[in-house]
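Trainee: test case, fold it:
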Amino acid sequence: MLVHNPVAPYSRALRIARSLDAEGWEVLIAGAARSDLPAEERDGAIRSVRVAPAGSLAGFVEPARGLPASLVARGDAAVGAGGRLLARLPGLRLLRGARTPTPRRALGVLRWPLPARAWTEGLRGALPPADLYHACGVAALVAAERLADDARAGVGGER
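Mentor: Modelled structure (predicted):
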């Protein structure tokens, strides 16, 4: 099972994994690494591993620092303030509950495939081929597709 979060705990994945385990499947949950959590844990027969991103896209996982981060933060503040002002206008009251499309949110939407692909590269080196991949979420689907292609081709990480 692939979940693009730290599995700390991720109850939906654990419920699915326990059901598969009860049916006789050997289950491994692969999640995203986080520095304050161990790289591996067990829940009975179910093993969970946390894998760090790898490859040339791994830098897109870390938050921006320095001048780029400062510019995005200033843009967020300005756009957010403008959105709050617009929401005060009588004809635009419906906007009060809406989330303002700040630069940070727009960049997050545009760059989402990059961390998913970096995590996929980490998984390719860390996981053995599997008979079945279950993706929990669209980022995990990116990884599942690539890992399934590798398994069909006889390529895989640790055994």
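Trainee: need phi/psi at residue 43.
Mentor: The phi/psi pair for residue 43 (degrees, to the nearest 10) reads phi -130, psi 90.
Trainee: show me what contacts it?
Mentor: Residues in contact with residue 43, defined by Cβ atoms under 8 Å, 6 or more residues apart in numbering, are 9, 14, 17, 18. Any C-beta I mention is one placed from the backbone N, CA and C, and that applies to glycine too.
Trainee: for the residues you listed, which one is nearest residue 110?
Mentor: When the contacts of residue 43 are compared for distance to residue 110 (Cβ to Cβ), residue 9 wins out at 30.6 Å.
Trainee: secondary structure element for the closest one, which one?
Mentor: According to DSSP states H and E, residue 9 maps onto no helix or strand at all.
Trainee: quick one: terminal-to-terminal distance for stretch 108-117?
Mentor: End-to-end distance for stretch 108-117: 14 Å, by Cα to Cα, to the nearest Å.
Trainee: tell me the buried residues in that stretch?
Mentor: Residues of stretch 108-117 classed as buried: 114, 115, 116, 117 (neighbour count, 16 or more other Cβ atoms under 10 Å).
Trainee: among the residues you listed, which are located in strands?
Mentor: Of these, none are assigned to strands by DSSP state E.
Trainee: before we move on, the earlier item: nearest to residue 131, of the contacts of residue 43?
Mentor: Of all the contacts of residue 43, residue 17 has the smallest distance to residue 131: 14.8 Å, by Cβ to Cβ.
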